[in-house]
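Novice: Below: sequence and its predicted model.
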Amino acid sequence: MDSDTIIDSTLRTVEWKNDKVIMIDQTKLPNDLVFVEYDNFNQIANAIKTLVVRGAPAIGVSGAFGLALAVLQSKATSKEGLLIDLEDARKILFATRPTAVNLGWGLEQIMSVAKTGDSTDQIIELVISKAKKMADDDIDINKSMGKNGSVLFENDDTIMTHCNAGALATVAYGTALGVIRATRESGKNVKVIATETRPIQQGSRLTAFELKHDGFDVSLIPDTAVGYSMANGLVDKVVVGADRIVKTGHVFNKIGTYQVATMAKQHGIPFYVAAPLSTIDLETKADDVVIEMRKGSEVTGIGEKKTAPDGIGVINPAFDMTPPELISGIITEKGVAVAPFEESLKKLFQAN
Ligand code: MRU
């Protein structure tokens, strides 16, 4: 294909270059900033599964790029044959992680566009250009979301965030960290408190890394210090990302988000969620959202080091649900939704 995706000034998590997908290998951060190159959709599926790439919008775009590789890999000579190969790849990519709605959304966007092609050549062209456009759109959406959210934050605010909803969780710029970036770009001085985010430390490995990379004043706390920080006046506001938001305003995000939101409520601290409309699932009920359960070794050790006895039982959910009554506002690229969310979220979609 002739042109590649646009590079943004901050960290670029995933891009399309010379008919290959380039990604930052997030399992190597913060010690090494290394890029991996893939030319096969199975490699992308594996990268999503093993968290080489993670974060809801980033896996949505990665899934789309996976299908772009699949059309190039296919040996089909007819439109029908190519669509069958594409559907096989879609299933493999979709099965990698269940909670973030963006993955299914990204795959569906590509499947719909593929079906409009008349020939294999046209389908290849359409799929690749749609996947690249989704990547570029993701950055624009994050910037609009950032602007919409920045008005909610004051000069000299200290903002707590949980997990990583930054450039590394999107194509670039970030959702929750995009709001923090936009607040700084609007001329306000802000400090950040990042939770470590056990068990696999997206807060310390990724958020602390990316904010330090971009020159923010960021302090790291263990997850267990959320209550202490709020009770001692160290936090003015909270902003986190989301993997799936259902129409009632229930937010599914990294495990521990519910605790942070509950503690914020206890201390009268505004708790915001920043997410694109592609993270909002108007179909699924909160009770039906599948929470990914991850392997026990993430809890019984830190990295390679064992920190628990052999044979111990482990419960390791990757996500939890924060109910709408704990949420001050949902920041999107189309505006900020407030309670009652069923109405306000619907309005944002109508504004689309
Ligand atoms: O398991 P992860 O690292 O993919 O979980 C990521 C999160 O929970 C993020 O907060 C969420 O995807 C929002 S990303 C903009």
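Specialist: Thanks, I have it. Small disclaimer: the values here were computed from a predicted structure and weren't measured. Residues are numbered from 1 along each chain as shown.

Novice: what does the stretch 51-200 of the chain have sitting close to the ligand?
Specialist: Arg54, Gly55, Ala56, Pro57, Ala100, Cys163, Ala165, Ala169, Thr170, Thr175 (CB under 6 Å from any ligand atom). For the C-beta atoms, the positions are set from N, CA and C on the backbone; glycine is no exception.

Novice: doesn't Asn164 make contact with the second one?
Specialist: Yes. With the criterion set as CB atoms under 8 Å, Gly55 and Asn164 qualify as a contacting pair; they are 6.4 Å apart.

Novice: before we move on, back to that, export the residues of the stretch 51-200 of the chain next to the ligand to JSON lines and tack on neighbour count and pLDDT?
Specialist: Below are those laid out as JSON lines (neighbours: other CB atoms under 10 Å; pLDDT from 0 to 100):
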{"residue": "Arg54", "neighbour count": "26", "pLDDT": "98"}
{"residue": "Gly55", "neighbour count": "30", "pLDDT": "97"}
{"residue": "Ala56", "neighbour count": "28", "pLDDT": "96"}
{"residue": "Pro57", "neighbour count": "32", "pLDDT": "97"}
{"residue": "Ala100", "neighbour count": "31", "pLDDT": "94"}
{"residue": "Cys163", "neighbour count": "29", "pLDDT": "98"}
{"residue": "Ala165", "neighbour count": "33", "pLDDT": "98"}
{"residue": "Ala169", "neighbour count": "31", "pLDDT": "98"}
{"residue": "Thr170", "neighbour count": "32", "pLDDT": "98"}
{"residue": "Thr175", "neighbour count": "32", "pLDDT": "98"}
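
Novice: Quick one: those residues as CSV, columns for secondary structure too.
Specialist: Listed next are those as CSV, based on DSSP: H, G, I helix; E, B strand; the rest coil:
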residue, secondary structure
Arg54, coil
Gly55, coil
Ala56, helix
Pro57, helix
Ala100, coil
Cys163, coil
Ala165, coil
Ala169, helix
Thr170, coil
Thr175, coil
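
Novice: Quick check: the closest residue to the ligand within the chain vs Gly117, distance?
Specialist: Using CB to the nearest ligand atom, the single residue of the chain nearest to the ligand is Gly241, 2.8 Å away. Noted for Gly241: a distance of 34 Å to Gly117, by CB to CB, to the nearest Å.

Novice: likewise Met23?
Specialist: As for Met23, its distance to Gly117 is 27 Å (criterion: CB to CB).

Novice: Fine, thanks again, bye for now.
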